[in-house]
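Asker: sequence and predicted model, in that order:
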Amino acid sequence: METIKKINIGMKHIATLTGHSGCVYAMDKGTSENTVFTAGSDMFIALWNLETLQAEKFSASLPAAVYAICHIPEKKLLLAGTTTGSIHILDLEKKEEIKMLQHHTAPIFDIKYSLETNCFYTAGGDGNFAVCSLDTLSLIKMKKLSKEKVRSIDFNYTTSEIAVALGDCNILVFDLHTLDYKKDFIGHGLASNVVRYSPDGKFLLTGGRDAHLNIWQVGNYDLVKSIPAHNWAIYDIVYNPDATLFATASRDKTIKIWDAKTFQLLKRITKENFDAHTHSVNKLIWSTYNNYLVSVGDDRLVMVREVNSF
């Protein structure tokens, strides 16, 4: 019988970056391996350098608070979704906004893109899921999925599927290329907030307003494990670069690190035991640069930690 060795986690607080004047809701990878974009209620997008631990000479001002950003390096574009439902498309070379889309009537909660389909996808608080062309930057298709919010989108390139989390508790799965319906199931007892496929495509991890982390087997989407992971809603799930660990972020002000193979809890990051957020943790990025785990929250802070396993 195989003996599963418990992973030990080493953690070092690198920096707490300040500059935002409001809650930080959105984050994405930056223009290089060692940068990240952040945005939030102050209506500004910032670019942070994880090497110098300073803000870069970049800022973009939006007309409303930003809930979602999506950097598309292959097109040198940055997409920002606001609380009014507008999607602003910024050309990073020209350093200007080149288009604004307003096909949603409520906040944009997520934006994802796929080079395989040459599209980007938006999740709206109006219950709509929209597909837009990366070439024309125009709407191709809009699907009404719920009377509640559409919260999160993720792709599984192994099975060519796209999963969507809904505020009505459901998780929907579609064919990535045709958008044909494949599966729906109740993800959580309260709103489903986030969907994240494992990098090997075998599992779908979901986080809900019920504070549970649920693991589903891709294919039939049977529930493998349901973990009461946090004390409040889970807002994000990210894997580390080598896919041995994943982290969850919650409204309960904590970040937790888990073994990606056994789903065991390995480390709890709270104000009591680390430099940590004092309010809701909204978004995470696990950077390939120095294995830095970057988090943003309602406390207006961008926190950088080095996480190593041994």
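Answerer: Looks like it arrived, so ask away. Numbering: from 1, shown residues only.

Asker: now the stretch 201-310 of the chain, which segments are flagged as low pLDDT?
Answerer: Along the stretch 201-310 of the chain, the model assigns pLDDT under 70 to no residue.

Asker: with adjacent residues omitted, what lies nearest to the most centrally placed residue in the chain?
Answerer: Computing the C-alpha centroid of the chain and ranking residues by C-alpha atoms, centre = their mean puts D236 first, at 5.5 Å. Nearest residue to D236 in three dimensions, chain neighbours excluded: A249, at 4.3 Å (C-beta to C-beta, 6 or more residues apart in numbering). From N, CA and C alone the C-beta is placed, and that goes for glycine too.

Asker: can you classify that neighbour as helix, strand or coil?
Answerer: strand (DSSP: H, G, I helix; E, B strand; the rest coil).

Asker: mind listing what it touches?
Answerer: 234-237, 255, 281-284, 295 (C-beta atoms under 8 Å, 6 or more residues apart in numbering).

Asker: please repeat the previous calculation with a cut-off of 10 Å.
Answerer: 194, 207, 230, 233-238, 255-256, 269, 277, 280-284, 293, 295-297 (C-beta atoms under 10 Å, 6 or more residues apart in numbering).

Asker: quick one, helices of the protein?
Answerer: Counting by DSSP state H, the chain yields no residue ranges for helices.

Asker: which parts of stretch 62-77 are buried?
Answerer: By neighbour count on 16 or more other C-beta atoms under 10 Å, the buried set for stretch 62-77 is 62, 64-72, 75, 77.

Asker: S86: which of those residues is nearest?
Answerer: Here the nearest of the buried residues of stretch 62-77 to S86, counting by C-beta to C-beta, is A64; it sits at 6.9 Å.

Asker: against S146, how distant is the closest one?
Answerer: 23 Å (C-beta to C-beta, to the nearest Å).

Asker: what residues are bridge-paired with L17?
Answerer: For L17, the beta-bridge partners are V302 (DSSP bridges).

Asker: equivalent analysis for G10, please.
Answerer: With DSSP bridges as the rule, G10 is bridged to N308.

Asker: now do the contacts for it.
Answerer: Neighbours of G10 in contact, by C-beta under 10 Å, 6+ apart: 267, 306-310.

Asker: which pLDDT does the model give it?
Answerer: G10 carries a pLDDT score of 92 in this model.

Asker: picking that back up, ok, so of the contacts of G10, who is nearest M11?
Answerer: Once C-beta to C-beta is applied, the member of these that ends up nearest M11 is V307, at 5.5 Å.

Asker: so where's the stretch 1-150 of the chain uncertain?
Answerer: Using pLDDT under 70, the flagged stretches of the stretch 1-150 of the chain are 1-4.
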